[in-house]
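Novice: I'll drop the sequence and a predicted model, then ask my questions.
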Amino acid sequence: MKIQILGTGCAKCQKLAKQAEDAAQELNLDYELVKITDIKEITSFGVMMTPALAIDGQVKVSGKVPSIDELKRILAA
Amino acid sequence: MDNQTCAPPASENASRKTLMGIRIGLFLTAWFMLYHQLVSLSRFITYDLIALRPGSHLGSAVEFFLYDTPKVLMLLVLVVFGVGMLRSFITPELTRKILAGRRESTGNVLAALLGVVTPFCSCSAVPLFIGFVTAGIPLGVTFSFLISAPMVNEIALVLLFGMLGWKVAALYFVTGILIATVAGWTIGRLKLENHVEDWVREMRVSQAAMPDTALSWEERIGFGIDAVRDIVGKVWLYVIIGILVGAVIHGFVPENFMAGIMGKSAWWSVPVSVLIGIPMYTNAAGMIPVVEALLGKGAALGTVLAFMMSVIALSFPEMVILRKVLKPKLIATFIAVVGTGILIVGYLFNLVI
């Protein structure tokens, strides 16, 4: 699966990227983490608040950094 | 999101809820008891424990600091928690849904009001702008939102209320909403739609991107606690620095010293305050303790409010961010229209009060 982190590089975006990575590793997922920092590309996802997380193009989280447990639920769904 | 399969049994859930209610109740009681003791506590520490002479410069500076720091931080915690919970009900997506399809004048007022409660940070200004504009919300209405969101926020209101009383806070709220409404409406009249960067207008954005999630009360309270951790954790230092500067002004600057520079008689002080405020960038938290001290030394309320609004609403970093979606002429218009609004408010207050 492709985990996409949308954000222009603020501290929260980096935290989200790291937490998502940890969550995916704990679940032993076969994943690829992509950081999307271009503002045009970010908005094309339709999010209005960064940071956001999308899985294979589907936005799952926007405007907050969920806990690792919550991220695990999102990634496992 | 799917319902969790591992939800706890109902009885356990109910007792957890009661426990949470009791905790919040205890917290609030302790909060109010402590809050009402702050005056006597700060006096006791300043004049009895440290034994400074009442009426001395150092004494009044220390008393100011010891009273205002806990007071402001306590107010901040309470209100940020409340607003954090409130915001769990309001997402930018909901705001967009409310604003889409509104006629312009009502739209401007609504946008200005929603700007106060919708979660917003300047780092998300661009995606939000695009989200609004591509949903067909008029440019002027979008600007009403973008002006009010940073300017009229809970931190500014709490601090004004705590340090200068409810009248000034109410005045700030009403004029802030008014400026955002009228400035947005004016920008709408100027027909500047083609000064939005081309790629934004050509953009096709999928809209129902976010799944609606119903949150439990526990999660909403969690939102409140997160907001406190996040916001108070970020601004407490500014608050303390601001109060320190305020305390020094309070204790050492002579009475009426500011009257000549920022008083009513100096007509030029309002535009100069606005101009100085534009490149300055700090948040309301650091600003208001200084404002309070300036007022105490004879500065006029209109001048001081104009300065504060300019610092918060017209910030250089936000302009740089917005430059990605707006052409220079639209940015210049934005600064000019909002600046003029602030100027008028400044003069008006100096005249009336």
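Specialist: That came through fine. Numbers count the residues shown, from 1 in each chain, chains lettered A, B, ... in the order given.

Novice: just checking, residue B:300 touches residue B:261?
Specialist: No: the criterion here is CB atoms under 8 Å, and residue B:300 misses it with residue B:261 at 10.1 Å. For the C-beta atoms, the positions are set from N, CA and C on the backbone; glycine is no exception.

Novice: please identify every residue contacting each of the two.
Specialist: Common neighbours of residue B:300 and residue B:261 are listed as residue B:269 (criterion: CB atoms under 8 Å, 6 or more residues apart in numbering or on different chains).

Novice: which of those two has more neighbours?
Specialist: Set residue B:300 next to residue B:261 and count neighbours by other CB atoms under 10 Å in any protein chain shown: residue B:300 wins out with 25 against 15.

Novice: phi, psi of the residue of the stretch 251-353 of chain B found nearest chain A?
Specialist: Chain A sits closest to residue B:324 of the stretch 251-353 of chain B, with a gap of 5.9 Å, by CB to the nearest CB. Here is the backbone geometry of residue B:324 (degrees, to the nearest 10): phi -60, psi -30.

Novice: pretty sure it contacts residue B:125?
Specialist: No: contact criterion CB under 8 Å: residue B:324 and residue B:125 do not qualify, at 9.3 Å.

Novice: so after the longest helix anywhere in chain B, what's the next helix or strand?
Specialist: Criterion DSSP state H: the longest helix present in chain B is helix B:10-43. Going down the chain from helix B:10-43, the next helix or strand is helix B:57-87, by DSSP states H and E.

Novice: at contact distance from chain A, anything in that next one?
Specialist: No: figure legend: helix B:57-87 not in contact with chain A (CB under 8 Å from any CB of the partner chain); closest approach 9.9 Å.

Novice: ranking helices and strands of chain A by mean pLDDT, which lands last?
Specialist: The helix or strand of chain A with the poorest confidence is helix A:39-44; it has a mean of 83 (mean pLDDT, DSSP states H and E).

Novice: quick check: residues of chain A near chain B?
Specialist: Residues of chain A lying near chain B (CB under 8 Å from any CB): A:8, A:10, A:39-40, A:42-50, A:59-60, A:62-64, A:73-74, A:77.

Novice: centroid residue for chain A?
Specialist: The residue lying closest to the centre of chain A (CA atoms, centre = their mean) is residue A:53, at 2.7 Å.

Novice: contacts only, for that residue.
Specialist: When contacts are counted by CB under 8 Å, 6+ apart, residue A:53 is found next to A:3, A:4, A:5, A:6, A:16, A:20, A:59, A:60, A:61, A:62, A:71, A:74.

Novice: which ones among these map onto helices?
Specialist: Filtering these for helices - DSSP H - leaves A:16, A:20, A:71, A:74.

Novice: among these, list the two that are farthest apart in space.
Specialist: Of all pairs drawn from the ones in helices among the contacts of residue A:53, the widest gap by CB to CB lies between A:16 and A:74 and measures 11.5 Å.

Novice: residues that sit against both of these two, list them.
Specialist: Common neighbours of residue A:16 and residue A:74, using CB under 8 Å, 6+ apart, are A:53, A:61.

Novice: name the SS class of the residue in chain A positioned nearest to chain B, please.
Specialist: In chain A, the residue found nearest to chain B is residue A:46; the distance is 3.3 Å by CB to the nearest CB. State at residue A:46, reduced to three classes by DSSP: H, G, I helix; E, B strand; the rest coil: coil.

Novice: hang on, it packs against residue B:130?
Specialist: No: with contacts counted by CB under 8 Å, residue A:46 stays clear of residue B:130, the gap being 9.4 Å.

Novice: looking at those two, which has the bigger crowd around it?
Specialist: residue B:130 (28 against 23).

Novice: counting neighbours, what do you get for the closest residue in space to the more buried one that isn't next to it in sequence?
Specialist: Excluding the flanking residues, the one nearest residue B:130 by CB to CB, 6 or more residues apart in numbering or on different chains is residue A:43, at 4.5 Å. Look at residue A:43: counted by other CB under 10 Å, it has 24 neighbours.

Novice: picking that back up, ok, residues contacting the least confident helix or strand of chain A?
Specialist: If you take CB under 8 Å, 6+ apart as the criterion, helix A:39-44 is touched by A:6-8, A:36, A:50, A:52, B:126-127, B:130-131, B:199, B:203, B:205-206, B:324.

Novice: just stretch B:221-228 next, same as before
Specialist: Contacts for stretch B:221-228 (CB under 8 Å, 6+ apart): A:64, B:20, B:24, B:77, B:80-85, B:87-88, B:215.

Novice: against residue B:29, how distant is residue B:246?
Specialist: 30 Å (CB to CB, to the nearest Å).
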